[in-house]
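Chemist: coords please:
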Amino acid sequence: MKTSKQIIAASILSVFAIVNVEAQVKVKTKEMKTNYSNELAVVNQLSTQSAVVNMPVTKLLDAPGNEALKAFFFTPVKDKTVLKGKKIAVLVADGFEEIELTGPVWYFRELGAEVEIVAPKYNPAPERYGLAFPEMAKTHVMAIQYLQPVGWLKFDRTADQIKVSDYDAVFIPGGAWNPDNLRYDKDVIKFIQDFNKSGKLIAAICHAPVVLASADILKGRKLTGYWNIQSDLKNAGGTVLEETVVTDGNLVTSRHPIDVADFSRAVENWLIKK
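Modeler: Residues are numbered from 1 along each chain as shown. You can find the predicted model right below:
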């Protein structure tokens with residue numbers, strides 16, 4: 001049997017052990033708090049202040065100088081059969097400028113055309129990129145207003161599912177990110193090249209003409225585009241004109257959301273003549 005001295009000694013050792021564990025826990029907790037504090041400080045240095053810069057449709061239409069653009073949308077279309085029987089594909093990816101897609105698409109449909117939204121096949125970035133995509137990214141593309149994501153649009157087909165014979169025209173909206181996503185897609189580029197060979201209409205607005213540059217179909221062509229891509233268009237062999245809309249053969253190009261009305265009418269006129 002244990003003596004009272006042994007029991008006391010064991011109890012003292014147990015107390016020391018508990019005190020030692022508690023001390024280790026405190027040290028560990030302090031280290032964790034210090035590490036978290038250090039990590040938080042680094043993350044704060046890697047992050048910037050959140051702010052919103054966008055281009056709401058109402059603000060664009062009400063801006064001084066855009067009276068004709070506003071009238072374009074709010075004046076009822078008289079003949080809703082002008083483009084009946086015509087089928088238009090809209091090639092679009094995440095980051096498209098909202099009004100540059102919804103504006104022309106609304107107009108073409110008002111004129112009786114059938115319009116399909118076509119997006120690249122869903123291809124998420126590797127996990128190590130740290131991107132979080134919503135489930136709807138598999139069936140929708142993201143709209144932006146200037147540089148601010150504002151919504152999602154459901155697409156009808158993917159670029160690997162379409163044929164040149166399916167459409168009378170191809171239309172590409174702009175947006176700072178959308179063209180970069182499109183020009184990387186092999187199915188999109190191949191389709192544009194084949195469509196160009198067919199002589200059918202290819203229309204692009206704002207940043208979208210850089211997709212045509214990637215498809216290598218601009219040599220010797222007259223066109224226009226957003227101001228900060230005009231050097232890219234020249235490097236691709238095009239002659240850039242500072243006009244709201246430029247039509248050269250089967251190409252119709254434009255510069256900016258404020259040109260949506262002129263751009264849409266140019267596409268209409270081209271299709272009527274064919």
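Chemist: where does this structure have low pLDDT?
Modeler: Of all residues in the chain, those with pLDDT under 70 make up the ranges 1-33.
Chemist: So which residues of it form helices?
Modeler: If DSSP state H is used as the criterion, the helices of the chain fall at 4-46, 57-62, 67-74, 98-110, 178-183, 186-198, 209-214, 230-235, 260-273.
Chemist: Dump the third one to PDB, restricted to CA.
Modeler: When you say that, I think you mean helix 67-74. Extracted in PDB, the C-alpha atoms of helix 67-74 (Å, rounded to 0.1, in the frame of the first residue of the first chain):
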ATOM      1  CA  GLU A  67     -30.500  61.700 -75.800                       C
ATOM      2  CA  ALA A  68     -30.400  59.800 -79.100                       C
ATOM      3  CA  LEU A  69     -29.400  56.600 -77.400                       C
ATOM      4  CA  LYS A  70     -32.300  57.000 -74.900                       C
ATOM      5  CA  ALA A  71     -34.700  57.600 -77.800                       C
ATOM      6  CA  PHE A  72     -33.400  54.500 -79.600                       C
ATOM      7  CA  PHE A  73     -34.600  52.300 -76.700                       C
ATOM      8  CA  PHE A  74     -37.800  54.200 -75.800                       C
END
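Chemist: In contact with the residue nearest to N181 when sequence neighbours are not counted, which residues are there?
Modeler: Using Cβ to Cβ, 6 or more residues apart in numbering and skipping residues adjacent in sequence, the residue nearest N181 is A93, 3.5 Å away. For the C-beta atoms, the positions are set from N, CA and C on the backbone; glycine is no exception. With contacts defined as Cβ atoms under 8 Å, 6 or more residues apart in numbering, A93 is in contact with 119-120, 141, 177-178, 181-182, 185.
Chemist: same thing but 7 Å
Modeler: 119-120, 141, 178, 181-182 (Cβ atoms under 7 Å, 6 or more residues apart in numbering).
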